[in-house]
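Novice: Here is my input; please provide its structure:
(one chain, ligands or ions: 1)
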Amino acid sequence: MDKFVIYGGSPLQGTASISGSKNASLPLMAAALLAPGIHRLQNVPSLRDVRTMAHLLRIIGARVDFIDRTLTIDSRDCSFYEAPYELVKTMRASVYVLGPLLARFGQAKVSLPGGCAWGPRPVDLHIMGMQRLGAEVELEGGYIIARAAKLRGAKISFPTPSVGATGNIMMAAALAEGVTIIENAACEPEIVALAQFINDMGGRVSGAATDRIEIEGVKELSPIQFSNIPDRIEAGTFLCAAALSGGDVTFENLRTDHIGVVLNALESAGFVLDVTETSVRIRSDRPAKPVDIKTAPYPGFPTDMQAQWIALMSLSEGSAAITDTIYTDRFTHVAELRRLGADIRLEGNMALVRGVDHLQGAPVMSTDLRASASLIMAGMAARGRTDLSRVYHIDRGYEQIENKLNALGAKIQREDEPM
Ligand code: EPZ
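Specialist: Residues are numbered from 1 along each chain as shown. Predicted structure coming up:
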């Protein structure tokens, strides 16, 4: 297992490019199963999760090549309709193949994902949606076993917006008979990208980006070439890292319309931003002003930015309350940040962060993807050395993070960590 050795105290300078979106690429890869043929997906980040999804598609029978951030997926010879536990337990997003397998083969056997570092992550809304489309679904031996001779359009109202369930149902409904309406749909940019992908294949999806999506089923879909959207969470993470470390950095190849709420929060915290459609320059020469945030479904403040915001507020001029309304127990990073000297008090799903004068490097441990990002940020801003173990978590969702940050002046060394 690898660890990062981080020496703090260097302000960041220069320009960096944002990679393609992890959370868009995963459903897009699954959607390629809907149309037998050769698909080309560009601007795909070279990440563990992308390689895991590619492995799953190969198990199902697709040929997948991944060269220079372009995925070529040949989904003609798919025949196996199972997503095994050994694989699904490593990546919850594997459940995205449920809808496409059901739509294409009329059956699917997908392992229930386990929990994750911060608690249970149910898939009941995915299952409810498939049942509404006419599938017979049983839970047996830790697997979702779904069958449907033909899926039929239906009206599906989600009690809470779910990115995964919205995407899964959109894919299943694309080949169903009749019209499907999803109410209280997720509005995330990743869902908009998926809807565009399905329409480019010949599907009929309307209303994406709103909470009411309509999908008119078609008989068949055709393979396409598609360019993935930029990763809005990588962009937000790097902007917060530059704000915390100080300096003057420009991030390019992003979509600023996807991160408006994060940009507003950074400006409220006193940072100077120069914003164009695809780039942001941030200048930081003082601690952040304290800014309270509460996470919410898009376009609200992303839960995937919650840990990074706590890290930024740990050196603020006052106290800030960070509340996660999406995952109320996603705070495993708090104990680790405290080891670096942060003053954080947890009250249920709210972290009260009181800014301190400085952080002090120490050995800390990654527990999940975004927690790892917050610890890297804090280690970069702390005095002295921070050893961050289990960086395989970070490799799931950030492409060559240490190379990108070191090119801006950070001091991060990847080292082998004896088991
Ligand atoms: C997606 O996960 C993202 N993952 C997550 O990012 C992100 O945190 C999450 O959306 C919320 O924005 C990918 O896109 C691959 P949800 P997903 O279904 O789809 C509840 C990262 O760091 N829920 O929108 O699994 C759920 O418990 C990852 O990149 C149900 O109750 O999230 C949560 O409270 C972490 N039943 C809320 O809905 C269900 O069937 C939102 O979850 C599904 C979800």
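
Novice: tell me the SS of L71?
Specialist: Secondary structure state of L71, per DSSP: H, G, I helix; E, B strand; the rest coil, is strand.

Novice: Can you report how many residues neighbour it?
Specialist: By other Cβ atoms under 10 Å, the residues close to L71 number 25. Heads up, the C-betas are built off the backbone N, CA and C, glycines and all.

Novice: Regarding the closest residue to it other than its chain neighbours, what is its secondary structure?
Specialist: Once flanking residues are discounted, L71 sits nearest to L41: 4.3 Å by Cβ to Cβ, 6 or more residues apart in numbering. Here L41 is recorded as strand under three-state DSSP.

Novice: tell me the contacts of the residue of the stretch 151-300 of the chain found nearest the ligand?
Specialist: Proximity of the stretch 151-300 of the chain to the ligand (Cβ to the nearest ligand atom) peaks at G164, 2.8 Å away. Residues near G164 by Cβ atoms under 8 Å, 6 or more residues apart in numbering: R92, A93, V95, Y96, V123, L125, H126.

Novice: Please identify which pair of those residues lies farthest apart.
Specialist: For the contacts of G164, the farthest-apart pair by Cβ to Cβ is A93 and L125; their separation is 14.7 Å.

Novice: Among the contacts of G164, name the ones in helices.
Specialist: Mapping the contacts of G164 onto helices (DSSP state H) picks out L125, H126.

Novice: would you turn the contacts of G164 into a markdown table with distance to A62 and neighbour count?
Specialist: Shown next, in a markdown table, are those (distance: Cβ to Cβ, whole Å; neighbours: other Cβ atoms under 10 Å):
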| residue | distance to A62 | neighbour count |
| --- | --- | --- |
| R92 | 20 | 18 |
| A93 | 16 | 22 |
| V95 | 17 | 24 |
| Y96 | 14 | 27 |
| V123 | 23 | 20 |
| L125 | 26 | 20 |
| H126 | 21 | 25 |
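
Novice: Go through the contacts of G164 and say which is closest to N406.
Specialist: Nearest member of the contacts of G164 to N406, counting by Cβ to Cβ, is A93, at 28.7 Å.

Novice: My understanding was that the closest one contacts M53; is that so?
Specialist: Yes. Between A93 and M53 there is a contact under Cβ atoms under 8 Å: 6.8 Å.

Novice: Need the residues touching each of the two.
Specialist: Joint contacts of A93 and M53 (Cβ under 8 Å, 6+ apart) are L26.

Novice: Would you mind naming what in the protein lies close to the ligand?
Specialist: Residues of the chain that fall close to the ligand, judged by Cβ under 6 Å from any ligand atom: 23, 26, 92-93, 121-126, 160, 162-165, 186, 190, 303-304, 326-327, 369-370, 397.

Novice: ChimeraX command for the buried members of these?
Specialist: The ChimeraX selection below is limited to those of the residues of the chain next to the ligand classed as buried (16 or more other Cβ atoms under 10 Å):
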select :23,26,92,93,123,125,126,162,163,164,165,186,190,303,304,326,327,369,370,397
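
Novice: Restricted to helices, list the residues of the chain next to the ligand.
Specialist: N23, L26, D124, L125, H126, V163, G164, A165, E190, L369, R370.

Novice: For Y96, see how far away the third one is.
Specialist: Note on D124: its distance to Y96, by Cβ to Cβ, to the nearest Å, is 16 Å.

Novice: Spatially nearest residue to the residue lying farthest from the centre of the chain, not counting backbone neighbours?
Specialist: Within the chain, A149 marks the point farthest from the mean C-alpha position, 32.8 Å out by Cα atoms, centre = their mean. Distance criterion Cβ to Cβ, 6+ apart; nearest residue to A149, sequence neighbours excluded, is G106 at 5.8 Å.

Novice: so what's the backbone phi/psi at that neighbour?
Specialist: phi 80, psi 10 (degrees, to the nearest 10).

Novice: when you give positions from now on, start the count at 220
Specialist: Taking 220 as the first residue, the last one we looked at is G325.

Novice: Would you check that E453 makes contact with A235?
Specialist: No. Judged on Cβ under 8 Å, E453 makes no contact with A235 at a distance of 9.7 Å.

Novice: Which one's more surrounded, those two?
Specialist: The residue with more neighbours, out of E453 and A235, is E453; 25 against 20, by other Cβ under 10 Å.

Novice: For that one, give me its contacts.
Specialist: I237, S238, S240, K241, G616, Y617, E618.

Novice: so the last one touches S238, yeah?
Specialist: Which is E618. Yes. Using Cβ under 8 Å, E618 is in contact with S238, at 4.4 Å.

Novice: the more surrounded of the two?
Specialist: Shown here are E618 and S238; by other Cβ under 10 Å, S238 has more neighbours (26 against 20).

Novice: what are the phi and psi values for that one?
Specialist: phi -80, psi 170.

Novice: And the helices in the stretch 420-569 of the chain, which stretches?
Specialist: In the stretch 420-569 of the chain, the segments counted as helices under DSSP state H, counting those that start in this stretch are 451-464, 479-487, 525-532, 551-558.

Novice: quick one: contacts of the third one?
Specialist: This points to helix 525-532. 455-456, 459-460, 462-463, 484, 488, 507, 509-510, 512, 514, 520, 539, 541, 543, 549, 552-553, 556, 561, 563, 570, 572, 574, 589-590, 592-594, 596-597, 600.

Novice: mind redoing it with 7 Å?
Specialist: By Cβ atoms under 7 Å, 6 or more residues apart in numbering, the list of residues contacting helix 525-532 from outside reads 455-456, 459, 462-463, 507, 509, 512, 514, 539, 541, 543, 549, 552-553, 556, 563, 570, 572, 574, 589-590, 592-593, 596-597.

Novice: just how off-centre is that helix within its chain?
Specialist: 17 Å (Cα atoms, centre = their mean, to the nearest Å).

Novice: May I have the distance across stretch 466-484, first residue to last?
Specialist: 18 Å (Cα to Cα, to the nearest Å).

Novice: Looking only at it, what residues are buried by neighbour count?
Specialist: In stretch 466-484, the ones that count as buried by 16+ other Cβ under 10 Å are 466-470, 473-475, 477-478, 480-482, 484.

Novice: Redo those as JSON lines? Include distance to A393 and pLDDT.
Specialist: Putting those into JSON lines (distance: Cβ to Cβ, whole Å; pLDDT from 0 to 100) gives the following:
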{"residue": "G466", "distance to A393": "45", "pLDDT": "96"}
{"residue": "D467", "distance to A393": "46", "pLDDT": "98"}
{"residue": "V468", "distance to A393": "40", "pLDDT": "98"}
{"residue": "T469", "distance to A393": "39", "pLDDT": "98"}
{"residue": "F470", "distance to A393": "34", "pLDDT": "98"}
{"residue": "L473", "distance to A393": "29", "pLDDT": "98"}
{"residue": "R474", "distance to A393": "24", "pLDDT": "98"}
{"residue": "T475", "distance to A393": "30", "pLDDT": "98"}
{"residue": "H477", "distance to A393": "24", "pLDDT": "98"}
{"residue": "I478", "distance to A393": "28", "pLDDT": "98"}
{"residue": "V480", "distance to A393": "30", "pLDDT": "98"}
{"residue": "V481", "distance to A393": "31", "pLDDT": "98"}
{"residue": "L482", "distance to A393": "33", "pLDDT": "98"}
{"residue": "A484", "distance to A393": "36", "pLDDT": "98"}
